[in-house]
Structure formats: C-alpha cells, structure tokens
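Colleague: Model the following, please.
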Amino acid sequence: MTYTKKFPSGLRMVVKQIDGLLSVSMGVLVGTGSCFETEQENGISHFIEHMMFKGTEKRNAFEISDAMDRIGAQVNAFTSKDITCYYAKSTSDHAGEAFEILADFVLNSTFPDEEMVREKGVVCEEISMTEDTPDDLCLDVLSEAYFGNSGYGRTILGPAENVKGFTRDDLFRYIGERYNPENLVISFAGKIDIEYAEELVAEHFEKHLQKRTFADRKKMLEQKSGSLFKNKDIEQVHIAFAWPSLAREDKLIDAALVVNTILGGGMSSRLFQKVREQMGLAYAVYSYISSFTEGGLLTVYAGVNPSSVAKAQDAIFETIREFCKNKFSKEEFLRGKEQLKSSVILSQENTASQMIAYGKHMLYNDKILDLDRRVKEIDAMTMEDCEKALSMNFDMTKMAAAAVGKIQKPLQIR
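Modeller: As a prediction, this is how the structure comes out:
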C-alpha cells in the first residue's frame, strides 16, 4: 500500500508499505543541488549535507552517530545535481527513534565554527580525490563541455576556493531559501504503520515548520556542445562523449533506456563487444542516460591507452553510426527490455531504493510513483517505440566531448 499526505506548511510525505519485512528506510529529500547554485555558491548544497551531521543544540557530532549506532540504524546522505537526500534505515521497532534523530539534525543543525573548519578540510580532500580519479574527472569535464559552466554543468563538490570561503551565514541563508517546506518530501519504505509514520512527521517536522513563500530558482538545460580536455600525467586517456536525450517524464524514456542498454549498458552491448572484446582497446567502456526535468543526455565513456585514442574514438563512432543506420535485432530488443524490467522489479526488493524512488517522484511530480504500471508499460513496449527513441538521440550537431590524460588538445568532434 502507498499513502501520501500534504501538510499545512506545504511539506509532503509518502509511505510505501512493504509486507514481510522487519525494517524501514526513511529519508528527507530536498529539491536542491548544484544545478540551482550560483557561481559563488557552487558546492554549498554538498557542503551543507556534510555539515548537517556536525551537531545540533541537542547532540554533538559524535552523539548523532552514537545515537544511531545504539539502535543499530544506518544513516547517510547524498547530493546530486538537483536533489539532496538525508536518510536512515532501522529495524521497524526503532523507526521512531531513528526518525527523531534524522529530523533533529536536518532541522536543528548549528554548524559550529570548529566543525566548519574541520569539514572544509574534509571536503577539499574529497575534491582532491576526484582530481585523482580520472574517470570521474572526465565526466565532470564532459558536463561542462555539454552544459557550460552553469546549471547542470556545475560540479556537485564545487571548487575548493568556494568551500574554503563558506560562512555559517552563507549556510543558514541558503537553507532558509532552499529548505522550504514546499521543497521537502519525507519518504518511508518498508514495514511501518501509516498512521505512525504520519504522527512522526507531524511531531518531528510539521510542528516545527510554517508555510512561507517559496520562489523556486529557474534552471535551464542549456547545450553548449563543446570539446574540453584536462592534461594529466596518468597512464590512460579517459574519453567521453554526450548527446541530447530525453527528459525523465518523456513517454519514451524507458524505450531510450532499452536503446542505451543495447548500445553500451552491459557485457553483451554493442560498445563492449566492439571496443573491448573485438578490438581490445579498453577495459572499461559503457554508456548511460542521465535524465532531468528539462531534458537529458546520453553519455559514452572509455578509458584507453594514449596511443589508442583516435582508434577508440573511431570505433565508438563507427558503432553508433551502424546502430543508427541499421538499428537493432528483435533479440537485442527483447534482451534489453528484460534487463530494464528486471532492474525495476529488483529495485522493489530494496527499501532504500524504494524510499528514494518514491520520494523523488513525489518531489519532481507531486504524485505517487506507480511501479506496477511502469512494469506493465515496459511489457507493452514495442520495437517501434525503441526505434523512435533511437532517432531522438545522436544529434551530431549537438555532441560534446571531453578527455583527461596525456593529451594536448581537445578531441575532434566528428
């Protein structure tokens, strides 16, 4: 059973009851991330996520983690381009205690000065770690090449200079604007009574909130379609390419996901078989789709020897050209469809995945996610749907490219 409620403040709650379990996942989802930030703010959503665990008026940083450990609960958070999520998972008999702790640090964090100093060091090390992780760095460079240095082109971590300069006032100001009740969703998935979940939200969240004007920041998905590179003294050159794809609510998005699976979503995919198995040019080669409210992009990535960059690029483009021209077989279509359907079904067996999925759908669309309906729609998908989705990708005039490694100039966009 799935239940939703909107409170007077504008706060929304969604509960997905799952029979036969002894645990529950709970999360607070905020509609903010790096794509909403200004140039000066870039990195603040992620830094706030870190600082939320560093103390409230009721608990210091150690006491937050200790309180969760005492009841055997797991707690964590993540920040993406357009969402920040704080979540916990506990046995059902400790759901109330876990939720109270979660609510305490989301609503009542004090951001002590000494913790600010320490955590800036931690986040700057995280930024340095990304610089030393060339595949992640390549995809960040690709985002900037595709979107430019704004909106979805901004990195989640932001530049170290920004992080070092953030003040407590900066954090409270941003929270005051972005952590508006209308921009929050509380999500539960697992074994929990609906009335009890509603009582928890009313007591620990709604009672401390009041309805206030919320003017969401305008964000646009702009395509710059450039080619950027970053020279680094490493053994491989990491290359990536991006093309426009479909928005997350497009009626053909699942067909596009099947198309991506055929192209580069697994070991039987076209790219894996061509670039790795037949030509031996890469250990890692794959593609994936990133979908946002305003649109999306399809990304192809490979890590190759510096002497093989041109050959790998040609192999990737040859595979895509042949794919667009001759499309795919019925066997490939059926295999891709089953892979997508199984991923949706298997995600329903994980309470954390369901909590996030139902919470995101409520945050983005203000309605309950219907996974059973989605499975039926995947079953009803036709080859013609996938052919239409394929035709909506790979516009070479809007392609972007990126490279990281021993390279002295941008990749040629062909």
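Colleague: Got phi/psi on the residue nearest the centre of the chain?
Modeller: The centroid of the chain falls nearest to residue 80 when counting by C-alpha atoms, centre = their mean (4.7 Å). Here is the backbone geometry of residue 80 (degrees, to the nearest 10): phi -130, psi -170.
Colleague: Not counting sequence-adjacent ones, nearest residue to it?
Modeller: Using C-beta to C-beta, 6 or more residues apart in numbering and skipping residues adjacent in sequence, the residue nearest residue 80 is residue 33, 5.1 Å away. Just so you know, the C-beta spots here come from the backbone N, C-alpha and C atoms, and that holds for glycine as well.
Colleague: got it, and residue 335?
Modeller: With C-beta to C-beta, 6+ apart as the criterion, residue 335 has its nearest non-adjacent residue at 6.8 Å, and that residue is residue 268.
Colleague: ranges for the helices of the stretch 301-414 of the chain?
Modeller: 309-326, 330-347, 351-365, 371-380, 383-391 (DSSP state H, counting those that start in this stretch).
Colleague: what do you get for the stretch 101-250 of the chain?
Modeller: Using DSSP H, counting those that start in this stretch, the helices of the stretch 101-250 of the chain run over 113-131, 134-147, 160-165, 168-178, 194-204.
Colleague: same question for stretch 245-256, mean pLDDT?
Modeller: The predicted model gives stretch 245-256 an average pLDDT of 95.
Colleague: Show me what counts as buried in it.
Modeller: By 16 or more other C-beta atoms under 10 Å, the buried positions in stretch 245-256 come out as 245-246, 248, 250, 252-256.
Colleague: can you put those in CSV and add distance to residue 141?
Modeller: Compiled in CSV, the buried residues of stretch 245-256 are given as follows (distance: C-beta to C-beta, whole Å):
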residue, distance to residue 141
245, 19
246, 23
248, 24
250, 27
252, 29
253, 26
254, 29
255, 29
256, 24
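Colleague: Looking at those, which two lie furthest apart in space?
Modeller: Maximum pairwise distance in the buried residues of stretch 245-256, criterion C-beta to C-beta, is 13.4 Å, between 248 and 255.
Colleague: closest to residue 163 out of the helices of the stretch 301-414 of the chain?
Modeller: Within those, the stretch nearest residue 163 is helix 351-365; the backing value is 25.8 Å (C-beta to C-beta).
Colleague: And for the closest one, what's in contact with it?
Modeller: Outside helix 351-365, the residues within contact range by C-beta atoms under 8 Å, 6 or more residues apart in numbering are 2, 4, 12, 14, 16, 18, 21, 23-27, 29, 31, 83, 85, 87, 89, 183, 185-190, 248-249, 293, 347-348, 367-369, 371.
Colleague: Of those residues, which belong to strands?
Modeller: Within the contacts of helix 351-365, residues falling in strands by DSSP state E are 2, 4, 12, 14, 16, 23-27, 29, 85, 87, 89, 185-190.
Colleague: what's the most buried one of the helices of the stretch 101-250 of the chain?
Modeller: Among the helices of the stretch 101-250 of the chain, helix 134-147 has the highest mean neighbour count (mean count of other C-beta atoms under 10 Å), at a mean of 22.
Colleague: Taking helix 113-131 as reference, get the angle to it.
Modeller: Using axes from the mean of the first three to the mean of the last three C-alpha atoms, to 10 degrees, the inter-axis angle of helix 134-147 relative to helix 113-131 is 90 degrees.
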